[in-house]
Structures are given as structure tokens and as C-alpha cells.
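S.K.: Predicted model, plus sequence, below.
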2 protein chains.
Amino acid sequence: MLEKENQAKLLSLFSEAQNAIIYLKGGSVIHRYDTDFEYPFRQESNFWYLTGITEPDFQLILDLEDKTYLLVIPRRSASYSVWMGYVHSENYYYENFAPDRIIYNDQVESYLKRRKPELVYCLNQGQAESIKSQNLEVNTETLPEALGYCRSIKTEAEISKLTMASKIASEAHILCMESLQPGMFEYEMKSIYDAYNTQHGLVHPPYNGIHAGGANSAILHYVLNSSVIRDGDMYLIDAGSEYEGYASDISRTYPANGKFTPEQAGLYDIALQALDECIAGIRPGVKMEDLHLHACKVILDGLKDFGLLKGNTSDLLENNIFALFFPHGLGHFLGLDTHDVGGYLKGTSKIDRPGLRFLRARRTLEEGMVLTIEPGIYFIPSLLQPAFDDKNKSSFLCIDKIKPFMKFGGIRIEDNILVTGDGHINLTHVPKTRKDIEEVMAR
Amino acid sequence: MLEKENQAKLLSLFSEAQNAIIYLKGGSVIHRYDTDFEYPFRQESNFWYLTGITEPDFQLILDLEDKTYLLVIPRRSASYSVWMGYVHSENYYYENFAPDRIIYNDQVESYLKRRKPELVYCLNQGQAESIKSQNLEVNTETLPEALGYCRSIKTEAEISKLTMASKIASEAHILCMESLQPGMFEYEMKSIYDAYNTQHGLVHPPYNGIHAGGANSAILHYVLNSSVIRDGDMYLIDAGSEYEGYASDISRTYPANGKFTPEQAGLYDIALQALDECIAGIRPGVKMEDLHLHACKVILDGLKDFGLLKGNTSDLLENNIFALFFPHGLGHFLGLDTHDVGGYLKGTSKIDRPGLRFLRARRTLEEGMVLTIEPGIYFIPSLLQPAFDDKNKSSFLCIDKIKPFMKFGGIRIEDNILVTGDGHINLTHVPKTRKDIEEVMAR
């Protein structure tokens, strides 16, 4: 029972013999607005982590005093079986999930009345509502902190799932790379990517997926996927797979027609160098913000050589010029969530600096962490136009050289990396040198 | 501006010169639990109906006194444009959606303070919260009732969208019918169906889609789509398309290997006869519950002839024996929601009778209504086992004949029908006779 290992890890963080319990609600089906439209049920990640149960409407109580695992199961009506096809017995849950004890959801109130814990650890105020209505004291700070810490260091079982998630996503990415032709719509590429996953039984996307041609590739959170991908444009795909709950998150950018122009090649190689050097630097003890700043430096040097920037690199760094072209974070943890928990431990705050403030993980790397590295170079009009008019910033910009690129879009290259004891393993296997990409696209 | 026609239709239902307003909130992005996982944004249906706007975070005020259309637009931060790619001007909304006046979301409170309506019509308590906090009187009964009434009679523009939704879904269904082979997994069929839609730019499914082989096809709300479809089994597909907001919802059931066995053929023809006769009966003035009962009668007669039931049909009807094999409603309205609004007008309640109580629309049919007709025959162990042990029910059942079918699953055939002035038009174009299905599957 892999989840028992996760439970033990969590319990080890709480002081012994407290008269306290941990209380978690699993997910329920989410409806769209006030309708009966149901989003496909996907278990809440913390609950999945601690129980392995993928059905809706369960709850979990971990008693810190005697370390018992109490599973709260829903009392299903007879008609549930008609509509959903099953109502499992208590035995089914004992056998498959090994709780110490099972009660039904209508028994939680009386259980708590008898147990009378001095403190109940909950995930958040929403989850604590039913507890507070019983006048029990609630703490919503410690549990998310502790779960974030546990979930940020992956077990072997988790690593093998993350490896599979990245493997299947890699295959889907290669299929997309082989399939792209100028004139296709962005949603046609989405269709190819998503179908490969569904075909393999992976029905929950880890996130919606970005399929962006030309200027759309500079929209960081592009959601429409509705334009035609034109000959001469670059195409950016940012899409992952969820395998048994675990996410991958991979980006590639390549020319719609399969051949890089000299301009595309020049910019592409800067982003690739940033990616390669950051990955090469990954080992225990390294700080995420240092990797982020390294990527910034590579990008600044590259853009200087390419002729878009001027001045010396330390001035460019100091004036945050990198954030005009690379405004998002270098990477984030991967796990049961795509933007996985544990990126900021208690006492760590965001860095109040352009670009860096969007870093989703500010940790010193440790063995067992899994993260994305995803540097990018973008031409975002709403960032660059104001910079052209800013006296300080514009002094570093070769404005006449930049202007022809205002509809270029952007380039992002993203791999998924496991931190090992003495370095790292790249879980992503999608061509990324120009030569390899052009070979795949020529097939 | 088609939505102005919808607004006028709605306003015509409210008495003139009231010192009252209608207040609606459009949809916002829905997150999964306490994470940043976003479900793809899809506008709230009532808001879409009245404005045509498909962006998140808008609000609408219709003033009943002077009939003005006030659009409330969100004040987007500068960074919105970096992440989402655009911030439209007020002019953009004036030009595209023709409101009489635009205010920003941070001006609603002061607007209401000045306007001081005696009554505010809202959709539901959730939407009314911000209004109530201003001590204005709220009515949440009239507006959903009025919108349900308006939306249940489709305009020409709506009918053409519903026609397209059914056309594209029909094409996807035919592709599935051509593709099925024994040994495929249910999710592979889902992949084929969904990909056809995404390929054509239809990215929001109207509902999740059921792909069920063998016994799974008797699970009315089957969601797993995870089993292998075996040679000799039937396969049930219940899947639709959403075209410009409007849903189709089509079901077919056919043998995995492309040839009906005599047993499959016998049961299939009963369901098809129920479908065909119900559709033939559709015209203005007909009551949905009468159609439902007609389907029940066809099914009872058919199952008697097939040898699974005994007794005379009126006794079988009176004892609700039909609901053991056909436990759900015959159909529902289609529109901006798959289970569209307006099925029950004020004063109409559900019929407290097995099967019929699940009828989602209990209206007398009128020109311009669009609805599904979806009779089915299922072998659902959790319904049949208790019936075998029930003295009254079991007297109608040929238990020994039924038992071999306990893992058969079910058959559902579903078309989408427009009610016209003198009859109906079937919007669905997917083969449904055994001969036509076998021909398509032999390709």
C-alpha cells in the first residue's frame, strides 16, 4: 500500500501523542455553474496522495494520538447503483485501501463528538467548515505546509509514474512534430495531441494545453487554440499527460514548415542554450532562483549577440531587462498537480523582482524532486511598447532591430527533470536541437 | 445582433414600467478544488443567450423601466494582456455587442446606489449575494422561470446552430461506427469521437460522453470508459457536440463485431420501434409524458413477444414493469445546455412514478422546441434482482428467460428532433436500422 508510506511520511512531521486529528475531504463532482454539466471527476490531489482512492465523496481522518487511519465512506442510495453501476461493500475498501477503521459519512459528527480532539488539522477554510460547526479548534496552516513538504520529495513509486507521464507525453509531442503542416488550425494540433493520450487511456489532461502559431505563441496563457498556423510562423506546443494522477508538462517550439529561418534559428538556439545549461546545473544543493538568473544571463548574452540588446550584461541583469523577453518563472515542481505544491516552504517569500516573482518554486534542490525547466524568449507587445517609451529601459534596447519581431511570437522549450543524488535525469524525450527537429519534421 | 432578439423576448415577459432591474453574472473561470488547475472557460448559458459574450467576468443589467442594456465589463490589469494576449477597449464591446451603456465591474455598487431599484431579478441565491449585500430586494424565482420559457422555444438562429451541432456529431458517430473492432478499449472509441470534434474546432464537449461495451452499457451514467470491448458484446455510444454553444446528444448501440446476433437483433428492434414511433408522434400539442408512456408500451409489447415478460400489457403498464427495463426519461430539451432549461413550467411537478419521474421535460410540445428522444432497454442487476424477489413484480417476469441477459448490458438509441408547425424534423443523421449499421461497419 504505497499510500501508507505517504501517510507515515506525513505523520512523522507531527509531534507525538497530540490529542489531535488530521481531517481531509476528498473531491466531489464539480458542476458548471448552476447546471447538471459535470466535469469528469478527478480526485483531490492530497486525498489521492494519502489514500489512493479515486472515487468522489470520501473523507479521511488520521488520528495523531494512536496513528489510526479512519476512512469515511459515503452511504450511497440504492439508485446510485442503477446510475453509476456499483455500490462497493465496506470489505472492498478494507481490502483495497487497508484503513484501520471505516465509518459512513453520516457518522462523522457523532464520531467527532465522542473523540473530542483538542485540535483538528485541515487543508483550508472550506474543508474546515463542518469541523468548525462543531466548535472544534481548527488549524489550516500546518497541514498544507506539511503536505507540500512531503509531496515535494517523490518516492520511487511516484517517480515511476512521473517517468511514464513524461514518456507518453514525449510520444504525443513527436507525433505532433511529425504531423504539423502550414495551414493547419491550432485546434487540429490539439486534437492530435489529446487523441494520443485518450487512446492510451489517459483521460484527464494535467492542464489544458497551449497550441499557438505565430504571434499567439507570445501569449503566455493562450487558451483559444483557434487560429491557422501559417507557413513561415513558429508553432509553440505546451502540453502534458497525466498518468495515474501524475503530471508531465513539456513545451517545444518549431517552424510550421519544418525549416528554421536564420532569425528563427538564432533566437531558438538562445532558448535552447538556456535550457541545456540550466538542466546541466541541476543537482542537490542548487537554488532555483540561481538557475533562473542563469537562464536570464544566457538570454541577455544571446540577445546581445543577436543584436537586439546593448550594454554590458551586469547592467542588463540589474535593470531586469531579461524580464521584458522572459517574464515568467523558470520552472515549477511536478507531481499530482502540474504546478505541484511545496515550492515555497514556511518563511520563504516570493522575490519581488520582474520575472523572478513568478517563480513557482523557490527551494534548494534535493534528491527526489521533479521539476520543469522552461526558459523562453517572447516578443510581447504589451511589455515591449512601454519599455520603448521608458528612458532607462530603452537605453538597453536596439528598438529598430526589435520592431520587426513584434509579431514573431515566442519560443519556449521545456523538459521535466528528476533531481538525483549526484545530478539529475531528464524524463523528457522529444527532439530539441534544430537538426533533430528538422529531421523529424521531414519524415 | 441575435442576442437583442433574445433580450426583447425576455423583457416582453416582465410587466412594463416596473422600477426593477434584471441582474446576471456571466461565468468566471472554474478551478479544480484549491489548485490553479483551470477548466477551459465556457460562458454561463443564460449570459451567453442574452449577450453573446464568451469571455469570463462580465455582468449584465437590463433595466425594466427604460429597457436599457447595461453591460458590466471587467477592469483588467496591465498584466492580463501579458498572460492572456489582449485587453479590449470599451469601443470593442460597443461595436460587437451593442449595449446601450458600459460600466466597469468596480462601478456596479455605485450604479446600484444611484439607480435604487425596488426589485432586482436574479438567477439564484449565489448570483444575488452582491445585490443583497446592498440591501436591495431580490427575486430569484421569476428570472430562471422566464429564461427557461424563452430558451425552450428556439429562434431560427438557434435552430441553425443546433442543426450544425447534430450534423457534426452525426459525422463523428459514423466515424466511430466505421472504426469499431472487437478488442478496442472504450477510451479508444472516446478518442476517435472527441478528436473528430476538436479537429473541427469544437473544443467544449456538451457532456462527457459514454462509451460502454457489454455490461457497462447498462450503467446509465457510465463514466469510466476504461474496459475492453469484446467480440460478441454490444457497444453503446452516447456522445454529442457543442457548436457555438448549442448541444447535440446522440446515442447508438451496435455489435462490436459488426453483426447482430438473433438475441441482439430482437432487443434492438424493440428499442428502434419505440424510437421511431415516438418520433413519428412528435407535433405541436403532444405531451412528453404521453410519448414516454407510448415508448413504455412498445417496450412492454416487444419484451412480451421476445419472451421475457408475461401478462397483459395494461397490467404491465399499471405495475410499472417498463421501468425495470427503461428506468430513465424519454428525452429532454436541447439548447445551450445539454439538459436544457424550461422542461418544467411553474406549477408543473414531476410525475411520481418509476421511470416517468426522471422525465426532464414535461411540456406540451410547441413549434421551435428541440428535444432528444432516447428510449432504451437495459438489464440492470440492481433493478432486476430485487424485482425477482418481489412477489407482485416477479409474476410478470419470465425469470429464467431474463437471467441469461443479466450481463447483456443495454441498448439506447437517441435522435435530436426539432418540433415544426405541423410535425418535426429529425436533425440526426446516423444509421440506425440493423441493415444500415451492418453496412457501415462492413466498410
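M.R.: Great, that's in hand. Predicted, not measured: the structure shown is a model, and the values here were computed from it.
S.K.: Show me the shaky parts of chain A.
M.R.: Per-residue confidence of chain A (counting by pLDDT under 70) places the weak regions at A:16-17.
S.K.: Which helix runs longest in it?
M.R.: When every helix of chain A is counted residue by residue (DSSP state H), the longest turns out to be helix A:156-179.
S.K.: For that one, output the C-alpha coordinates as CSV.
M.R.: What follows is the C-alpha trace of helix A:156-179 in CSV, where atoms were taken according to Å, rounded to 0.1, in the frame of the first residue of the first chain:
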residue,chain,number,x,y,z
GLU,A,156,10.2,5.6,-6.1
ALA,A,157,6.6,4.8,-6.9
GLU,A,158,5.9,8.4,-7.7
ILE,A,159,9.0,8.7,-9.8
SER,A,160,8.0,5.8,-12.0
LYS,A,161,4.6,7.4,-12.6
LEU,A,162,6.1,10.7,-13.4
THR,A,163,8.5,8.9,-15.8
MET,A,164,5.6,7.3,-17.6
ALA,A,165,3.7,10.6,-17.7
SER,A,166,6.7,12.2,-19.4
LYS,A,167,7.3,9.2,-21.7
ILE,A,168,3.7,9.2,-23.1
ALA,A,169,3.7,13.0,-23.4
SER,A,170,7.0,12.7,-25.3
GLU,A,171,5.5,10.3,-27.8
ALA,A,172,2.5,12.6,-28.3
HIS,A,173,4.8,15.5,-28.9
ILE,A,174,6.8,13.6,-31.5
LEU,A,175,3.5,12.7,-33.3
CYS,A,176,2.6,16.4,-33.3
MET,A,177,6.0,17.3,-34.7
GLU,A,178,5.6,14.8,-37.5
SER,A,179,2.1,15.9,-38.3
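S.K.: right, and the helix or strand after that helix?
M.R.: Once the chain leaves helix A:156-179, the next helix or strand it forms, by DSSP states H and E, is helix A:186-199.
S.K.: one step back: run through the neighbouring helices and strands of the longest helix of chain A.
M.R.: Contact here means 3 or more C-beta pairs under 8 Å, 6 or more residues apart in numbering or on different chains; DSSP states H and E; on that basis helix A:156-179 packs against helix A:186-199, strand A:234-239, strand A:242-243, strand A:246-247, strand A:250-255, strand A:415-419, helix A:434-442. To be clear about C-beta, it is placed using only N, CA and C from the backbone, and glycine gets the same treatment.
S.K.: How about A:Asp34: what's its closest non-neighbour residue?
M.R.: B:Asn124 (5.4 Å; C-beta to C-beta, 6 or more residues apart in numbering or on different chains).
S.K.: Return the set of buried residues in the longest helix of chain A.
M.R.: Neighbour counts over helix A:156-179 (16 or more other C-beta atoms under 10 Å in any protein chain shown) mark A:158-159, A:161-166, A:168-174, A:176-177 as buried.
S.K.: Is there a neighbour count for A:Ser110? I'd like the number.
M.R.: Using other C-beta atoms under 10 Å in any protein chain shown, A:Ser110 has 10 neighbouring residues.
S.K.: What distance do you get for A:Glu55 to B:Glu289?
M.R.: In this structure, A:Glu55 and B:Glu289 are 35 Å apart, going by C-beta to C-beta, to the nearest Å.
S.K.: before we move on, what about A:Ile103?
M.R.: Here the criterion is C-beta to C-beta. By it, A:Ile103 lies 42 Å from B:Glu289.
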